[in-house]
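Q: Provided below are the primary sequence and the corresponding predicted coordinates.
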Amino acid sequence: MTFEEALTKIGVNTSDVLARFSGNESLMKKFILKFPQDKSFPDTKAALASGDKKALEISAHTLKGVSGNLGFSELYETSAALVNAVRAGEEEKIKPLGEKVALLGDTIISILSQVQQ
């Protein structure tokens with residue numbers, strides 16, 4: 001799979017993300033392909049598993065920023081909702097949102113792993 005095909009599958013608005021990287025396509029590609037090594041996603045999954053709300057708030061907030069900057073819109077929106085649920089103490093929303101964050105992140109990593117460089 002090409003990098004462009006991966007971005008389409010993930011749902012990245014390439015022109016918006018490219019603008020964040022001042023039009024530097026190679027820099028954008030470098031950062032997007034580094035997402036699987038970013039600690040915010042596994043940290044969020046670990047905090048969900050352990051039930052550590054403070055760690056979850058921090059890691060999900062970081063994941064929200066990373067995913068927003070990289071144009072992973074659905075992961076960004078779900079991470080934002082998860083952060084809001086944790087902050088508001090909305091226990092009934094945390095688990096389903098956490099499961100969706102985990103699924104979205106795993107899907108993005110799977111897609112990126114198929115990019116031929």
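A: That came through fine.
Q: ranges for the helices of the chain?
A: Ranges of helices within the chain are 3-10, 14-20, 25-33, 40-50, 53-70, 73-88, 91-113, based on DSSP state H.
Q: Just the buried positions in the last one, please.
A: Translated: helix 91-113. Neighbour counts over helix 91-113 (16 or more other C-beta atoms under 10 Å) mark I94, L97, G98, K100, V101, A102, L104, G105, I108, I111, L112 as buried. C-betas here are computed from N, CA, C, even on glycine.
Q: Contacts only, for K64.
A: Y76, S79, A80, V83 (C-beta atoms under 8 Å, 6 or more residues apart in numbering).
Q: What of Y76?
A: Per C-beta under 8 Å, 6+ apart, neighbours of Y76: K64, S67, G68.
Q: picking that back up, could you dump the contacts of K64 to a markdown table with distance to K9?
A: Compiled in a markdown table, the contacts of K64 are given as follows (distance: C-beta to C-beta, whole Å):
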| residue | distance to K9 |
| --- | --- |
| Y76 | 16 |
| S79 | 19 |
| A80 | 22 |
| V83 | 25 |
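Q: quick one: which of these is nearest T14?
A: Distance to T14, by C-beta to C-beta, is smallest for Y76 among the contacts of K64, at 15.3 Å.
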